[in-house]
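>>> Structure for this input, please:
(one chain, ligands or ions: 1)
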Amino acid sequence: QFPFGRRLPCDIYWHGVSFHDNNIFSGQVNKFPGMMETVRKITLSRAMRTMQDLFPLEYNFYPRSWILPEELSLFVAEVRMMKDSNPSWKPTFIVKPDGGCQGDGIYLIKDPSDIRLTGSIQSRPAVVQEYICKPLLMDKLKFDIRLYVLLKSLEPLEIYIAKDGLSRFCTEPYQEPTLKNLHQVFMHLTNYSLNIHSGNFIHSDSVNTGSKRTFSSILCRLSSRGADVKKLWSDIISLVIKTIIALTPELKVYYQSDIPAGKPGPTCFQILGFDILLMKNLKPMLLEVNANPSMRIEHEQELSPGVFENVPSPVDEEVKVAVIRDTLRLVDPQKKKRKDTHVTVPPKQQWLGVHEHHPALWEVSPWQGVSSEVPPKPTPSVFVCRRCQSLKQAPEASEELPEAPKSPEAALPSLCLKQVFPKYAKQFSYLRLVDRVAALFIRFLGVKGTTKLGPTGFRTFIRNCKLSNSNFSMAAVDILYIDITRRWNSMGIDKESGMCLQAFVEAFFCLAQKKYKSLPLHEQVSSLIEFCECRLAALHGKRLVWGCG
Ligand code: ADP
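Numbering: from 1, shown residues only. Model (predicted):
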């Protein structure tokens, strides 16, 4: 809402697609720069692979994946090796085009030789992934879970998870994959956008029946069967935190490039859609993360042949309205003010902004425009003066300034978004190694607005951290830079030259392995991080002393 016209700044910007929908210099935007790129299938798989290399047990909730076409021969070789060592292993794989969504272009294969190499794989890269053959079934059907996660802040990291989500059902009874049923999408793919076209799709007005249900209704059924639902939730929370920890290094690089420190800029938050599959043994597995999860609360219904109408979908409404409402409550810039002063400032004031003097007061209705399942209780009419921003109650009620009106929160249901980070930060902070590597990378980027490290930046990093020696000359440093950078740039579509974060991480791991040979990889990396951080702190200290002198 732009009551003063589109040219004046707002407190909250709600973009449809990405951070870059408008040029923004203040307030808060509901998208992070680079989020769409970071959660694409290939980038997510790479980030998860890095974490799996460091912490294989902690990251075993993501299926083994390979990137096509660049890892095709690796895929073929690894599968052959695993089959040789375990002849009874009869795997199935799922091939998913990068950047695809809604099940578009996805197919299942039994053998690496079945990959469709015809044109598309070269022009359209993909991820091939181990297929989870034994999912948990309900009413004999496969289903997945869409959970909504609010990334409220990147630095410091703040994560919230919605207490309820959606379960999306297949429309054909599930059978383990065989050559005969591999192509049956209504049996294997849970996408709503696909299954809606099946004659078996059931739209239900109840949240616990039909082809789309609430996740809480599934938990109720599981609980009545004696399943340990508490453990399941705690596994899901840990999956979400670990996944976001895998994504933050890349996001931080984009963030500093679009919103350089020290320049005026907005802060960001974002609602993400996590797609999770439960295995038969109730272990949650991550399928993917969506940067723009659908927030539709209606579905199309064909009234008569060719005549469609949008009708409300109670299940979507139950879950999604609460997610948007509570996101706005959590990012409400007036909330902190209210807490500090104990004076309720109606939230609409934040949208109005106060720029021109106008003698009149005008009415502000709290939470107007924000739909809620429970209609807000009537609150006293509140007026705001454009000049001094002071609040006044309706003149007919009182000519004096009112007492602090009741908080609009009082009229709302309790929050559906549960904070999980920093709440559980202690348990997970040891996993944030790549974040610290990214901090080193960002420090040496030099030019503001870039996401890639030039050869000089890399050399400065090596010099300042004192990583070169008689066994590792500066010429060897240059070769390492050129080798790794060339390989990464030949894989990417990005035309900017230089070393991207993932290439720097690879170089860093290489250096760590060289320096701390006998340790496990995560210890090698954490030792090198500490070494570099100490060197840089000492250098900084020296510079400060010289500066003072
Ligand atoms: P899209 O973005 O096209 O929806 P997904 O990665 O979500 O792609 O995959 C689509 C569907 O395929 C999922 O909803 C799920 O039902 C199924 N699926 C995806 N990956 C796997 C897997 N590794 N094992 C079993 N089923 C999977």
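
>>> Going by C-alpha atoms from here, please, whenever you check contacts or count neighbours.
Will do.

>>> Quick one: residues contacting the residue nearest to residue 450 when sequence neighbours are not counted.
Of all residues not flanking residue 450 in the chain, residue 257 sits nearest, at 5.4 Å (C-alpha to C-alpha, 6 or more residues apart in numbering). Residues near residue 257 by C-alpha atoms under 8 Å, 6 or more residues apart in numbering: 448-451.

>>> Just the closest of these to residue 110, please.
residue 451 (39.1 Å; C-alpha to C-alpha).

>>> neighbours around the closest one, how many?
Per other C-alpha atoms under 10 Å, the neighbour tally for residue 451 reads 25.

>>> Show me the residue sitting in the middle of this structure in space.
Centroid-nearest residue in the chain, with C-alpha atoms, centre = their mean: residue 272, separated by 4.8 Å.

>>> which helices and strands sit right next to the helix or strand containing that residue?
For residue 272, the host element (DSSP states H and E) is strand 270-278. Contact analysis of strand 270-278 by 3 or more C-alpha pairs under 8 Å, 6 or more residues apart in numbering; DSSP states H and E lists strand 141-153, strand 284-290 as its packing neighbours.

>>> Write out the residues of the chain neighbouring the ligand.
Selection of the chain residues close to the ligand by C-alpha under 6 Å from any ligand atom yields 63, 100-104, 129-132, 188-191, 287-288.

>>> out of those residues, which is most surrounded?
For the residues of the chain next to the ligand, neighbours tallied by other C-alpha under 10 Å; top is residue 188, 26 neighbours.

>>> Return stretch 53-61 as CSV; C-alpha atoms alone will do.
This file holds the C-alpha atoms of stretch 53-61, laid out as CSV (Å, rounded to 0.1, in the frame of the first residue of the first chain):
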residue,chain,number,x,y,z
ASP,A,53,32.2,-34.2,2.8
LEU,A,54,32.7,-32.4,6.1
PHE,A,55,30.0,-34.0,8.2
PRO,A,56,28.8,-37.2,6.5
LEU,A,57,26.6,-38.4,9.3
GLU,A,58,25.0,-35.1,10.1
TYR,A,59,24.0,-34.5,6.4
ASN,A,60,22.7,-38.0,5.6
PHE,A,61,19.2,-36.5,5.2
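
>>> remind me which residues of the stretch 301-450 of the chain are low pLDDT?
Along the stretch 301-450 of the chain, segments meeting pLDDT under 70 span 336-408, 447.

>>> Show me where it has its strands.
For the stretch 301-450 of the chain, the strands defined by DSSP state E, counting those that start in this stretch cover 307-312, 361-364, 382-385, 391-393, 417-421.

>>> quick one, the last one and strand 141-153 angle?
When you say that, I think you mean strand 417-421. Orientation check (axes from the mean of the first three to the mean of the last three C-alpha atoms, to 10 degrees): strand 417-421 against strand 141-153 gives 70 degrees.

>>> packing partners for strand 417-421?
Short answer (3+ C-alpha pairs under 8 Å, 6+ apart): strand 417-421 packs on strand 158-162, helix 229-258, helix 314-331.

>>> try 6 Å this time
strand 158-162 (3 or more C-alpha pairs under 6 Å, 6 or more residues apart in numbering; DSSP states H and E).

>>> now the strand it packs on against strand 270-278, angle please.
Using the same axes, to 10 degrees: strand 158-162 against strand 270-278 is 60 degrees.

>>> Strand 158-162 versus helix 229-258: what angle between them?
Strand 158-162 and helix 229-258 are oriented at 140 degrees to each other (the same axes, to 10 degrees).

>>> Strand 158-162 vs helix 314-331, what angle?
Angle between the axes of strand 158-162 and helix 314-331 is 160 degrees (criterion: the same axes, to 10 degrees).

>>> average model confidence for the helix or strand just after strand 158-162?
Later in the chain than strand 158-162, the nearest helix or strand by DSSP H and E is strand 166-169. Strand 166-169 shows a mean pLDDT of 96.

>>> For strand 166-169, what is the distance to the chain centroid?
With C-alpha atoms, centre = their mean, to the nearest Å as the basis, strand 166-169 stands 19 Å off its chain's centre.

>>> From the rest of the structure, what touches the helix or strand following that strand?
The first helix or strand that comes after strand 166-169 along the chain, using DSSP H and E, is helix 185-188. Helix 185-188 is contacted by residues 170-172, 174, 195 when judged by C-alpha atoms under 6 Å, 6 or more residues apart in numbering.

>>> and what of stretch 66-86?
With C-alpha under 6 Å, 6+ apart, stretch 66-86 has contacts from 112, 125-128.

>>> Which of the residues in it are classified as buried?
66-69, 72, 75, 79 (16 or more other C-alpha atoms under 10 Å).

>>> Likewise for stretch 48-63?
Buried-residue list, stretch 48-63, by 16+ other C-alpha under 10 Å: 48-52, 54-55, 59, 61-63.

>>> for that stretch, what is the average pLDDT?
What stretch 48-63 shows for mean pLDDT is 97.

>>> The strand holding residue 272 vs strand 284-290, what angle?
150 degrees.

>>> before we move on, the earlier item: check the contacts of stretch 66-86 and tell me the two furthest apart.
Across the contacts of stretch 66-86, the two lying at the largest distance from each other (C-alpha to C-alpha) are 112 and 125, at 15.5 Å.

>>> okay if I get the buried residues of stretch 66-86 as TSV plus distance to residue 87 and secondary structure?
TSV is the format used below for the buried residues of stretch 66-86 (distance: C-alpha to C-alpha, whole Å; DSSP: H, G, I helix; E, B strand; the rest coil):
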residue	distance to residue 87	secondary structure
66	21	strand
67	25	strand
68	25	strand
69	26	coil
72	21	helix
75	17	helix
79	11	helix
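
>>> With pLDDT as extra columns, can I get these in CSV?
Shown next, in CSV, are these (pLDDT from 0 to 100):
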residue, pLDDT
66, 97
67, 94
68, 92
69, 89
72, 92
75, 96
79, 96
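
>>> Need the residues that contact stretch 259-272.
25-32, 148-153, 290-291.

>>> wait, stretch 416-423
158-163.

>>> Tell me which two in the buried residues of stretch 48-63 are the farthest apart.
54 and 63 (15.8 Å).

>>> and residue 514, that one's in a strand?
No: under the criterion used here (DSSP: H, G, I helix; E, B strand; the rest coil), residue 514 is helix, not part of a strand.

>>> For the ligand, see how far away it is.
35 Å (C-alpha to the nearest ligand atom, to the nearest Å).

>>> How about residue 147?
Counting by C-alpha to the nearest ligand atom, the gap from residue 147 to the ligand is 13 Å.

>>> In contact with that residue: list those residues for me.
Contacts of residue 147 by C-alpha under 6 Å, 6+ apart are 165, 273-274.

>>> which one of those residues sits closest to the ligand?
residue 274 (9.2 Å; C-alpha to the nearest ligand atom).

>>> What is the burial count for that closest one?
22.

>>> Does it touch residue 289 like I think?
Yes: look at residue 274 against residue 289 with C-alpha atoms under 6 Å: they come within range, at 4.7 Å.

>>> so residue 222, which of the three states?
helix.

>>> Count the neighbours of it for me.
Residue 222: 15 neighbours (other C-alpha under 10 Å).

>>> any idea how far it lies from the ligand?
For residue 222, the distance to the ligand - C-alpha to the nearest ligand atom - is 20 Å.
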